[in-house]
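A.B. asks: below are the sequence and a predicted model for it; my questions follow.
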Amino acid sequence: MQAPPAITRPATRATAISAPLPPIAFPEELPVSARRDEIARAIEANPVVIVCGETGSGKTTQLPKICLALGRGRDKLIGHTQPRRIAASSVARRIAQELNTPLGEVVGYKVRFTDHTRPGAAIKLMTDGILLAETQSDPLLAAYDTIIVDEAHERSLNIDFLLGYLKQLLPRRPDLKVIITSATIDAERFAAHFGTAGKPAPVINVSGRLYPVEIRYRPVKDEDDADDRTLMDAIVDAVDECALAGPGDVLVFLPGEREIREAAEALRKHRFGAAGPSPAAGPGTEILPLYARLSAEEQERVFKPAGARRIVLATNVAETSLTVPGIRYVVDTGLARVKRYSYRNKVEQLQVEPISQAAANQRAGRCGRVAAGVCIRLYDEADFAKRPKFTDPEILRSSLAAVILRMKSLGLGDVRAFPFVEPPPARAIADGYDLLAELNAVDEDNELTPIGRELARLPVDPRIGRMLLAARDHHALTEVLIIAAALSVQDPRERPLEAQAAADQAHRKFADEKSDFLSFVKLWNFVAERFEHKKSNRKLTDELKSNFLSPRRVREWREVHSQLAAIAGEMGWRGNSTPATFEQVHLSLLAGLLGNVGFKTLDADYREPPYVGARGIKFFPHPGSALAKKAGKWIVAAELVETTRLFARCLARIEPEWLEQVGAHLVKRHYFEPHWEKRAGHVAAFERATLHGLVLHARRPVAYSRFDPKLCREIFIREALVRGELPDEIARRAPFFAHNRKLAAEIEALEHKSRRPDVLVDEDLVHAFYDALIPPQVCDARGFEAWRREAEKATPRLLFLEREQLM
DNA sequence: TGGGGATTT
């Protein structure tokens, strides 16, 4: 759909007066400043420049200013993308401050839900997702004369898509300058990607301001000691080693919450255990967990330096998203939970894996920011050397349905030909199309359907978008908007390690025994009521917290909900004013979740997976579900994730009949054992219906004539006429029937007497007799009767057999 | 019996 440019084009300089440029100063202590002439020349001479700057180089804040000094950002914007919202806003603030201008005037930022740019600004910070979203209304990115993609080495889905998009766009935008910033090791790959005529894009390396980091390898198990030393023992020893090396905070990288809890216990036990206080147990030493699910307050503790030594136990959140200040020592387990997507089973996996060399070096770098640091790796150097150099980019670890949907909707042509930095394998693309077909978003030719085009307009996962489209049709939009928003954000329910039972108790009031999805609706109503009657933000926050709800995540949920509700409003969809039924809600959810259905084959005993799902996968209900112990025969799950086991999370009971309705385009039907039904007077068969291999019904009787009329006619003649199984009331009205039966009986009796019991009336002869007379379309008793009455008007004894025909 | 971290028309 093409809208008039005046509406779709983002604010450009045509209508706004540029703010007067402030003087641009470059802090001389930043390494980038010293190289600014060289960088500026490279930008002027090349469409694409790769800038490698390690932490502390100043690239993020100074590059936009170098562009500004070059006269860019005057007629069009300098766009500058960051992987995270928090970074986009804080970088904008910092640059605005350095230019001594109010935020928004010369430097603005735009992230989801917040737009702090004014017409006339020169530099716009944004998340890479925002720039990607803008390609929908501004395919040439005409609002920009310069685009800086920062932190490209993070290789998120958005970044990889953006790098492909820019590569394709550049020939059509010869005036556009693109700057990619990256960690040094990835530079060559990006340079080659943006090369022209066999010549790679220029790379400029800017040193960082990292202090040297000493790497020490301390594997959990030494070759010669075959004892049962565990990872936790190794962590305790490594922390001791750090403590002996001198003062300073320690950052320990662990794969997840569970390991963080174990490590905290091990460290506490070690400090207070029988062996006496360890060197790490200086007075007031603090052990601080750090992971994303932690409440804001708990995370805050990490940023408030205390007097005593702190030991921070962190997940990957501390690798890129959060910078823990003042770290002198890093202890690296070399492990992380990594999300992957299994094309074979079509489930997500979240399993502990050894991290790449690049990630290990990033972790080590976290202790060299304030002074020389020490990184203790709990594996040996040979182990490090044989690890992959890079972490697989997200695009090679994800379902591609959303990427394909967006590419189709932007008209970017063949997915296989798109210039990805690392093209996904063909089977991954095929799998993405499979999911889109399951959602009815593409047709047999893999072209977008009207549903697909609508899906592409919704800023949510295609599965979730599909629920919304179905809800519009099932009059369940009010409930499903709440559920869809909830499924798009992190669970607002907190479950702190030290208060799990209390949290579960607080959340129990939202539970619905038939559907975890409906607990989101109950929770929504609870929260909405408190927002409506709030006395103060403080009180509201306290009330949420006392119910173990994260205020931050509740806010995100409400923001996503209002964004989706606004889009629904723009599309003219109407919410239901009366509550939708369980069936209406879950028919809608099923439209997006047909691949996540399960059938219970075993009673749950926690040893074998009780449910079988699509393509024969077997899974457990997640123990956090209200249905975990009493889920029904048929369930649907919001997601299937393989962690320690394959778990289905967020469950609801469903009826198998709903699957036939919602999954009509996927149901495979197989018919077998066609047979004559005397009372019904027709041929019946049994139907076996499957959805993704899951048996919906195994032996449902169906009238068979519409599937195979020819075979039905054969069976009708043989069973009803030759063998005499015509329904009685039809037989009584048909004199030929009694006549022919009697004749056959007489002949049989005669042949019996003549001691030739092997020779009976030849069924084939009788069959041929009827077959020659009865028209092809007759295949059941009723059709036969109608034909016979007409035919006998002309020839009354048409169907009467003669004795010699049978002998 | 229990999930790393981000992002969006």
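C.D. replies: Ah, there it is.
A.B. asks: in three-state terms, label the nearest residue to residue A:70 once chain neighbours are set aside for me.
C.D. replies: Leaving aside its chain neighbours, residue A:70 sits nearest to residue A:40 (5.5 Å; criterion: Cβ to Cβ, 6 or more residues apart in numbering). (Each C-beta comes from the backbone N, C-alpha and C, glycine too.) Secondary structure assignment for residue A:40 (DSSP: H, G, I helix; E, B strand; the rest coil): helix.
A.B. asks: burial count for the residue of chain A found nearest DNA strand B?
C.D. replies: In chain A, the residue that lies nearest DNA strand B is residue A:623 (1.5 Å; Cβ to the nearest atom of the strand). Here the number of neighbours of residue A:623 (other Cβ atoms under 10 Å) works out to 10.
A.B. asks: got it, and the one 3 residues further on?
C.D. replies: By the criterion of other Cβ under 10 Å, residue A:626 has 22 neighbours.
A.B. asks: which element is it on?
C.D. replies: Here residue A:626 sits in a region with no helix or strand, counting by DSSP states H and E.
A.B. asks: how about it, what does it touch?
C.D. replies: A:511-513, A:516, A:519 (Cβ atoms under 8 Å, 6 or more residues apart in numbering).
A.B. asks: and it, how far is that from residue A:507?
C.D. replies: 9 Å (Cβ to Cβ, to the nearest Å).
A.B. asks: give the burial count for the closest residue to residue A:84 other than its chain neighbours, as a bare number.
C.D. replies: Spatial nearest neighbour of residue A:84, chain neighbours left out: residue A:321 (6.4 Å); criterion: Cβ to Cβ, 6+ apart. Residue A:321 has 13 neighbours, counted by other Cβ under 10 Å.
A.B. asks: can you check the one 10 residues further on too?
C.D. replies: Summarising burial for residue A:331: neighbours were counted as other Cβ under 10 Å, giving 30.
A.B. asks: how about residue A:630?
C.D. replies: For residue A:630, the count of nearby residues is 12 (other Cβ under 10 Å).
A.B. asks: just to be sure, residue A:339 is in a strand?
C.D. replies: Yes - judged by three-state DSSP, residue A:339 forms part of a strand.
A.B. asks: what does the stretch 201-350 of chain A put close to DNA strand B?
C.D. replies: A:255-258, A:291-293, A:315-317, A:321, A:336-339, A:348, A:350 (Cβ under 7 Å from any atom of the strand).
A.B. asks: filter those residues to the buried ones?
C.D. replies: A:255-257, A:291, A:293, A:315-317, A:336-338, A:348, A:350 (16 or more other Cβ atoms under 10 Å).
A.B. asks: quick one: contacts for the nearest residue to residue A:475 once chain neighbours are set aside?
C.D. replies: Distance criterion Cβ to Cβ, 6+ apart; nearest residue to residue A:475, sequence neighbours excluded, is residue A:576 at 4.6 Å. Contacts for residue A:576 (Cβ under 8 Å, 6+ apart) come out as A:475-479.
A.B. asks: so residue A:576, which of the three states?
C.D. replies: Here residue A:576 is coil, with the state taken from three-state DSSP.
A.B. asks: that one and residue A:524, how far apart?
C.D. replies: 15 Å.
A.B. asks: low-confidence ranges in chain A?
C.D. replies: Counting by pLDDT under 70, the ranges of chain A that qualify are A:1-19, A:223-226, A:272-283, A:604-606, A:755-761.
A.B. asks: so what pairs up with the closest residue to residue A:624 other than its chain neighbours in the strands?
C.D. replies: Closest residue to residue A:624 apart from its sequence neighbours, by Cβ to Cβ, 6+ apart: residue A:649 at 7.0 Å. For residue A:649, the beta-bridge partners under DSSP bridges are residue A:639.
A.B. asks: was I right about residue A:649 contacting residue A:638?
C.D. replies: Yes - taking contacts as Cβ atoms under 8 Å, residue A:649 lies within contact range of residue A:638: 6.1 Å.
A.B. asks: work out for me the element residue A:287 sits within.
C.D. replies: Counting by DSSP H and E, residue A:287 is part of strand A:286-290.
A.B. asks: the residue nearest to residue A:84 is in what secondary structure piece?
C.D. replies: Short version, using DSSP H and E: residue A:321 is in no helix or strand.
A.B. asks: angles on the backbone of it, please.
C.D. replies: phi -70, psi -40 (degrees, to the nearest 10).
A.B. asks: list the helices and strands the helix or strand hosting residue A:584 packs on?
C.D. replies: According to DSSP H and E, residue A:584 maps onto helix A:582-592. Here helix A:582-592 touches helix A:462-474, helix A:477-488, helix A:516-532, strand A:634-642, helix A:656-662, going by 3 or more Cβ pairs under 8 Å, 6 or more residues apart in numbering; DSSP states H and E.
A.B. asks: what packs against the shortest one?
C.D. replies: Helix A:656-662 sits against helix A:582-592, strand A:694-703, with contacts defined as 3+ Cβ pairs under 8 Å, 6+ apart.
A.B. asks: list of residues touching it?
C.D. replies: For helix A:656-662, using Cβ under 8 Å, 6+ apart, the contacting residues are A:470, A:583, A:586-587, A:590-591, A:594, A:597, A:633-634, A:667, A:689, A:691, A:696-697.
A.B. asks: how about that helix: buried residues?
C.D. replies: Using 16+ other Cβ under 10 Å as the test for burial, helix A:656-662 gives A:656, A:658-660, A:662.
A.B. asks: burial count for residue A:460?
C.D. replies: Around residue A:460 there are 21 residues (other Cβ under 10 Å).
A.B. asks: residues contacting residue A:372?
C.D. replies: A:211-214.
A.B. asks: and the helix or strand encompassing residue A:752, what does it pack against?
C.D. replies: Element membership for residue A:752, per DSSP H and E: helix A:735-753. Under the contact criterion of 3+ Cβ pairs under 8 Å, 6+ apart, helix A:735-753 touches helix A:803-806.
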